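Q: All I have is the shape, not the residue letters:
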């Protein structure tokens, strides 16, 4: 019994959902279009402005997929209406970010600047030199691109320098103590 899978998804005005053969769902909204194919064990129903997900059987795999399918569908609906964003913060002397056109330039203490291009539906915003906002309609892609940016210089525990998520807490360590 999946508590999350049994919840219904409210479809806001301006969002159209099309279910094709092979359980392929296309969600169109004001920000764009998302398409994803789901397992045949899940039955997706759209009635009016409510979408529900049902299992065809009670196998272990179907139970596991029930809540996942509902959450993925909800993320698609939220993505095409509001979008998703991840905020990153750069900490360190001389560490900074800038954007020129569709290229994000990161100066993170390496011998060369790191260049990252906007791709697909992912956009970057740089409100100041020490913060980056990654925006898009696909939650998975936004998280993946933010994680790739963070991996260029992850925060270190001794000085706290590096690229971190805005709400991330860095566990600090004490350095060596002198005699």
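A: Here it is on my side, so go on. Here the structure is a predicted model, which is why all the values come from computation and not from measurement.
Q: got the end-to-end distance for stretch 162-169?
A: One end of stretch 162-169 sits 12 Å from the other (CA to CA, to the nearest Å).
Q: host element of the residue nearest to residue 137 when sequence neighbours are not counted?
A: In space, and not counting its chain neighbours, residue 137 is closest to residue 79: 4.1 Å by CB to CB, 6 or more residues apart in numbering. In short, each C-beta sits where N, CA and C put it, glycine included. Assigned by DSSP states H and E, residue 79 belongs to helix 60-81.
Q: tell me the mean pLDDT for that helix?
A: For helix 60-81, mean pLDDT is 93.
Q: ok, back up a step: burial check on the residue nearest to residue 137, number of neighbours?
A: Residues lying near residue 79 (other CB atoms under 10 Å) number 23.
Q: same deal with residue 63?
A: Neighbours around residue 63, by other CB under 10 Å: 15.
Q: was I right about it contacting residue 55?
A: Yes - using CB atoms under 8 Å, residue 63 is in contact with residue 55, at 7.2 Å.
Q: In contact with residue 11, which residues?
A: Shown in contact with residue 11 (CB atoms under 8 Å, 6 or more residues apart in numbering): 17, 46, 49, 50, 51, 77.
Q: List the buried residues in stretch 68-84.
A: Across stretch 68-84, burial judged by 16 or more other CB atoms under 10 Å covers 68-81, 83-84.
Q: which parts of stretch 168-178 are buried?
A: If you call a residue buried by 16+ other CB under 10 Å, then stretch 168-178 has these buried ones: residue 170.
Q: Show the end-to-end separation of it, please.
A: Terminal residues of stretch 168-178 lie 31 Å apart, using CA to CA.
Q: Measure how far it is from the centre of its chain, please.
A: In this view, stretch 168-178 has its centroid 30 Å away from the chain centroid, taken as CA atoms, centre = their mean, to the nearest Å.
Q: Contacts for that stretch next, please.
A: By CB under 8 Å, 6+ apart, the list of residues contacting stretch 168-178 reads 155, 157, 158, 160, 164.
Q: out of those, who's nearest residue 124?
A: Taking CB to CB as the measure, residue 124 lies nearest residue 164 of those, at 16.7 Å.
Q: Show me what the worst-scoring helix or strand of the chain on mean pLDDT is packed against.
A: Least confident helix or strand, the chain: helix 3-6 with a mean of 88, by mean pLDDT, DSSP states H and E. Judged by 3 or more CB pairs under 8 Å, 6 or more residues apart in numbering; DSSP states H and E, helix 3-6 is in contact with helix 60-81.
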